[in-house]
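Q: I would like the atomic coordinates for the input below:
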Amino acid sequence: MARLAASVAAIRVAVRRTLTRVRPNGPVLVACSGGADSLALAAATVFVAPRLGLPVGLVTVDHGLQAGSAQRAAAVAKWATEVGFAPVEVAAVTVDGRSGGPEAAAREARYQALTEVARRYGATAVLLGHTRDDQAETVLLALARGAGPRGLAGMPVERELDGTLLLRPLLEVGREQTRAACAVLDLTAWEDPHNSDPAYTRARVRGDLMPVVTQVLGAGAVDNLARTARLVAEDNAALDVIAAAALDTVRTDDGLSVSGLVGLLPAIRTRVLHAWCRELGAFPAALSSRHVAALDALVTDWHGQGPVALPGGGRVARRGGELVAGARPDPTTPR
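A: A predicted model of the protein is given here:
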């Protein structure tokens with residue numbers, strides 16, 4: 001009996017570990033571009049999921065950004081059907097006309113398509129093929145942006161988006177393992193030209209910066225960056241629990257108590273403000289440290305400044321001893 005390749009075994013173990021944590025109420029869907037990471041994930045999932053009694057489907061998104069993208073998507077769908085995925089769906093999206101840069105627009109379109117397909121099939125979860133290398137790149141990009149703990153936590157292992165559970169089983173699996181698994185399984189992976197296009201920031205990080213980082217700091221740097229994300233995510237989870245309790249203590253009939261907010265540690269207060277903004281309907285993806293800092297200034301550096309505009313159209317102002325949504329500032333307070 002042939003020995004199972006280490007790369008294939010590692011990916012199957014990662015997928016099994018993830019799937020045994022979910023409560024099944026529908027099919028598990030794999031998001032597969034046809035690249036080595038998502039193709040290796042798909043091959044492992046179609047092997048593991050049926051053995052756990054889980055139906056497994058596949059979605060491939062056609063962004064329409066390159067010549068032949070429709071044929072590539074059709075080829076992925078054909079392979080998926082042949083190896084036992086059901087349902088299998090090609091989701092064509094339009095990227096042009098969306099806000100943000102090309103990377104952000106493509107990502108928004110992709111996730112919108114994935115959640116729509118997941119809702120249609122009542123999926124338990126959608127599995128994404130991001131690896132340890134992707135996580136390390138994300139941490140470096142967050143550092144360059146001056147991101148706080150939320151950015152340094154990188155991509156979460158588990159996230160709910162528009163009612164759809166997104167899972168990343170491969171965040172502790174290296175990109176070299178997914179490529180090796182595809183070679184062992186005789187799977188021909190698609191090489192996305194955008195991954196090496198210097199017009200894209202992440203492509204420059206991947207192609208230019210990461211080789212220098214590993215050369216200077218050693219091969220373990222990638223794993224250490226990914227581990228940093230995991231450790232920061234654990235700290236974030238603990239602080240978020242504390243902040244949720246603190247939010248309840250500073251609520252008033254109309255908003256939040258300024259005196260109550262002043263008494264909180266800065267790390268907790270800013271998390272309270274962030275959580276409250278989300279309750280008010282601020283777009284989570286667009287809610288930045290700049291917005292939270294402006295709200296914090298209404299509490300700790302009050303000199304009569306005007307309302308803070310939130311992404312999504314909301315406004316928060318200080319009125320007397322409260323922060324109130326949609327209110328005008330207190331006219332009796334001098335600037």
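
Q: can you pull out the helices in the chain?
A: 6-19, 36-51, 69-83, 102-121, 132-145, 149-152, 175-184, 201-204, 210-217, 221-250, 258-262, 266-279, 289-300 (DSSP state H).

Q: tell me the most buried of the ones you listed?
A: Ranked by mean neighbour count, those are led by helix 36-51 with a mean of 23 (mean count of other CB atoms under 10 Å). Every C-beta, even on glycine, is put in place using the N, C-alpha and C of the backbone.

Q: looking at the helices of the chain, which is closest to residue 190?
A: Nearest to residue 190 among the helices of the chain is helix 69-83 (5.8 Å), distances taken as CB to CB.

Q: any idea how far residue 94 is from the closest residue to residue 69 other than its chain neighbours?
A: Excluding its sequence neighbours, the residue lying closest to residue 69 (CB to CB, 6 or more residues apart in numbering) is residue 62, at 5.1 Å. Distance, residue 62 to residue 94, using CB to CB, to the nearest Å: 10 Å.

Q: repeat for residue 212
A: The value you get for residue 212 to residue 94, if CB to CB is used, is 37 Å.

Q: for residue 18, same thing?
A: Distance, residue 18 to residue 94, by CB to CB: 31 Å.

Q: cool, and residue 191?
A: Counting by CB to CB, the gap from residue 191 to residue 94 is 24 Å.

Q: so what's the most centrally placed residue in the chain up against?
A: Geometric centre of the chain, nearest residue: residue 155, 4.7 Å, by CA atoms, centre = their mean. Neighbouring residues of residue 155 by CB atoms under 8 Å, 6 or more residues apart in numbering: 130, 134-135, 138, 168, 171, 229.

Q: can we see that at 7 Å?
A: Going by CB atoms under 7 Å, 6 or more residues apart in numbering, residue 155 touches 130, 135, 138, 168, 171.

Q: for residue 173, same thing?
A: Contacts for residue 173 (CB under 7 Å, 6+ apart) come out as 10-11, 14, 131-132.

Q: One more: residue 291?
A: Residue 291 makes contacts with 277, 308, 310-311, as judged by CB under 7 Å, 6+ apart.

Q: Put together TSV for those residues, with pLDDT and distance to residue 114 on each row.
A: Below are these laid out as TSV (pLDDT from 0 to 100; distance: CB to CB, whole Å):
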residue	pLDDT	distance to residue 114
277	95	26
308	95	32
310	93	26
311	89	22
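
Q: Give me the subset of those lying in strands.
A: In strands, defined here by DSSP state E, the members of the contacts of residue 291 are residue 308.

Q: Counting neighbours, which of the contacts of residue 291 end up buried?
A: Buried members of the contacts of residue 291, counted by 16 or more other CB atoms under 10 Å: 277, 308, 310.

Q: ok, those vs residue 222, which is closest?
A: Proximity of the buried ones among the contacts of residue 291 to residue 222 (CB to CB) peaks at residue 277, which lies at 34.1 Å.

Q: Would you confirm that that closest one contacts residue 311?
A: No: Residue 277 lies out of contact with residue 311 (CB atoms under 7 Å); the separation is 8.7 Å.
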